[in-house]
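**Student:** What shape does this take:
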Amino acid sequence: MADTPYTIEYSKELNPAQLEAVYATEGSYLVIAGAGSGKTRVLVYRVAYLVEKGVNPEGILLLTFTRKAAEEMLRRASLVLDSRCTRVSGGTFHSFANMILRKYARVMGIANAFTILDRSDSEDTLNVIRTKLGFNKLEKRFPRKGAILDVISKSINKSENLDRILYAEYPQFIEWALEIKNIQESYSQYKLSKSLLDYDDLLVYLHRLLVEHEGLRVHLARKYKYIMVDEYQDTNKLQAQITCLLASEHKNIMVVGDDSQSIYSFRGANFKNIIDFPKIFPGTKIITLEENYRSTQPILNLTNEIIYYAKERFEKNLYTKKQGDRLPFYVETEDEHAQSRYVAEKILALREEGLELNDIAVLFRSGWHSNDLEIELASRDIPFVKYGGQKFVEAAHIKDILTYLRIVFNVYDQVSWYRLLLLLPKIGPKTAETILEDVVFQKKGLEIDTSGKFFQKSAQLTKLFELLKKIDAQALSPYAMLQIFLEHYQPLLKEKYDDFNKRLNDLDSLLKIAARYTSLECFLTDMALEPPERSIIEAGLRDKDDSCVRLSTIHSAKGLEWHTVFILYVAEGHLPSYLSLEDSDAIEEERRLFYVASTRAKENLYFLKPHIDNSPRSYFNESTSVFTQVSRFLEENDILTRFTDSENCSV
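**Tutor:** Okay, the predicted model is just below:
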């Protein structure tokens, strides 16, 4: 197609595959956009092309996963063409649903002026229902409001019944299945009676509107003549069904995504949506974007090989014109701390070579994988910011267990006493304040009379004081003290947190870190370092020497890129996670996760695998520390030998 009638010279702005996608307007198209291949550019220029072609901007619908992404695309389209592009209907699935439901809510039996509940509102509403039904007074501990909301939300987003969600993801709540269903039903009735919609309801009601009201479906499907969906591999079943219903009249639909980067099943994303798209829309043309503008060819050779062994995928082979012949590095270290030292030393060396810290990222499968590294970076004054998961030293359970040590260090630490006392069963704020009066304000410390009514009421309180009296801070190391206190804390952990089993790895990491200290004062001082994050304003004032290394879970790193990337714990049981080892679909998602991590690197890519950490052994679950084999994703077809440089092994 010639560019002559158009003001934009598309053939000069786009490569051949991108150009094909932009010019493909009539019919259904699946654009498989490899990592770093310019998919955003395609969507921007396709919006401009449709508008320049004479299509009414309001008849174009661009669905993305963040409002920021949609706004940025339409802003860029306006810059390359003109302001007509701002009239395109762009936004998230939820914002689009809100817009439609505001017009047609009464058709669904709710007021047009419905209120949208945020997460906190939803939890509070569920708590009211939970209490009203009497589930807060049961002898056995009933799931808390946040956990109940998670179960209900996943059931909706995965389009699976509640029993299946409980069995697969929340087996500890199976005994409460009937009660949770009662709460779910009461929650739905309550919202309907009050004209309240939560985040999930927006999709549910839009889907019902399109399915149950044929006239409205036809009207909307005819209005939006051209539909584009970004990141289609991240859609859930409801979103995919809504997309199909909206495209049911004209069938001019283009979905853009990468099956190899489908990594959000835990949020309800369905890998099959992108795989099955050509079956749902017969005659779909598949356009593959394979030219990569991010990474060097040696990195792409490795990532192409990793994804080649996926059981189900669309064929693609990424290539680049970018110069670079440095192979990715595979590094083995003697233990977790040696892994941290290697990364810290390499970061310092790269900074000496002129690389800015914010061009460096350390990626990991689970938030707790960076615990040791955070301490190491802080000890070397290497600034960092962490994304994904909660920061180690700010996690509630870490704060909980550290209160024991702070009280040993300073028996009159009022803040630590208050936090610790409120953890105990049958101890409320008033009781805690009464005990604090004797311990702190009357300066009695651990010599308080333990025969009083409060101690008779709470066996845990008596046990706590007995435990603290036995601790000899001079004779015991921080590690030894933590071991003792964990015996007291573990039952409290299980009582306080529904996801206590997920928090055990953090406590195990804390033990390993404590084992490196002989002084309680030094340990507490290091653990009390202020969080490295700074406000956006302060970040804008940083100079080059004060930029930050980025620590991130792989899930939070998707869509981003850095000059140098380190991937921690490239070992069986960590990446892939031990939780996925007996599920073939989960293993396939772990492969895609590994692929996403590896394709974030532009120039340097490091895989790190520590050996067994022999100091000290895992307190809770030795299985989390015994995996010594390199990740299966680097072993297939001898990938390590063929595609990496292992000269720096055995550090």
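
**Student:** rest of the way, CA atoms for contacts and neighbours
**Tutor:** Fine.

**Student:** contact partners of stretch 368-381?
**Tutor:** For stretch 368-381, contacts defined as Cα atoms under 8 Å, 6 or more residues apart in numbering pick out 336-337, 340-341, 344, 364, 383-384, 392, 505-506, 509-510, 513, 526-527, 529, 551, 568-569.

**Student:** Repeat that for stretch 12-19.
**Tutor:** Stretch 12-19 is touched from outside by 10, 11, 38, 39, 42, 287, 288, 289, with contacts defined as Cα under 8 Å, 6+ apart.

**Student:** Next: stretch 119-135.
**Tutor:** 136-137, 142, 144-146, 148-149, 179, 183, 186-187, 198-199.

**Student:** cool, stretch 145-162 as well?
**Tutor:** Outside stretch 145-162, the residues within contact range by Cα under 8 Å, 6+ apart are 122-124, 126-127, 130, 165-166, 170, 177, 180-181, 184, 200, 204, 236-238, 267-270, 498.

**Student:** avg pLDDT for that stretch?
**Tutor:** Stretch 145-162 shows a mean pLDDT of 90 in the predicted model.

**Student:** Same check on stretch 356-375?
**Tutor:** The average pLDDT for stretch 356-375 rounds to 92.

**Student:** would you put the C-alpha positions of that stretch in PDB?
**Tutor:** Presented in PDB, the C-alpha positions along stretch 356-375 are these (Å, rounded to 0.1, in the frame of the first residue of the first chain):
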ATOM      1  CA  GLU A 356      24.700   4.300  36.000                       C
ATOM      2  CA  LEU A 357      23.100   2.300  38.800                       C
ATOM      3  CA  ASN A 358      19.600   2.800  37.400                       C
ATOM      4  CA  ASP A 359      20.700   0.900  34.300                       C
ATOM      5  CA  ILE A 360      21.200  -2.200  36.500                       C
ATOM      6  CA  ALA A 361      18.500  -4.600  37.700                       C
ATOM      7  CA  VAL A 362      18.500  -7.700  39.900                       C
ATOM      8  CA  LEU A 363      15.500 -10.000  39.200                       C
ATOM      9  CA  PHE A 364      14.200 -12.900  41.200                       C
ATOM     10  CA  ARG A 365      11.300 -15.300  41.300                       C
ATOM     11  CA  SER A 366      10.100 -14.600  44.800                       C
ATOM     12  CA  GLY A 367      10.400 -11.400  46.900                       C
ATOM     13  CA  TRP A 368      12.300 -13.200  49.700                       C
ATOM     14  CA  HIS A 369      15.100 -14.200  47.300                       C
ATOM     15  CA  SER A 370      16.600 -10.800  47.600                       C
ATOM     16  CA  ASN A 371      16.600 -10.600  51.400                       C
ATOM     17  CA  ASP A 372      20.300 -11.400  51.800                       C
ATOM     18  CA  LEU A 373      21.300  -9.100  48.900                       C
ATOM     19  CA  GLU A 374      19.400  -6.200  50.400                       C
ATOM     20  CA  ILE A 375      21.500  -6.400  53.500                       C
END
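
**Student:** Now do the contacts for residue 279.
**Tutor:** Applying Cα under 8 Å, 6+ apart to residue 279 gives no contacts.

**Student:** Show the subsequent helix or strand relative to the helix or strand of the chain with the lowest mean pLDDT.
**Tutor:** Across the helices and strands of the chain, mean pLDDT, DSSP states H and E gives its lowest value to helix 536-541, namely a mean of 28. With elements assigned by DSSP states H and E, the helix or strand that comes after helix 536-541 is strand 549-553.

**Student:** re earlier: sort out which of the contacts of stretch 12-19 are buried, if you could.
**Tutor:** The neighbour count (16 or more other Cα atoms under 10 Å) marks 10, 38, 39, 42, 287, 288, 289 as buried among those.

**Student:** of the residues you listed, closest to residue 642?
**Tutor:** Comparing these against residue 642 with Cα to Cα places residue 289 closest, at 25.6 Å.

**Student:** For the nearest residue to that closest one once chain neighbours are set aside, grab phi and psi.
**Tutor:** Leaving aside its sequence neighbours, residue 289 sits nearest to residue 33 (Cα to Cα, 6 or more residues apart in numbering; 4.8 Å). Main-chain torsions, residue 33, degrees, to the nearest 10: phi -100, psi 100.
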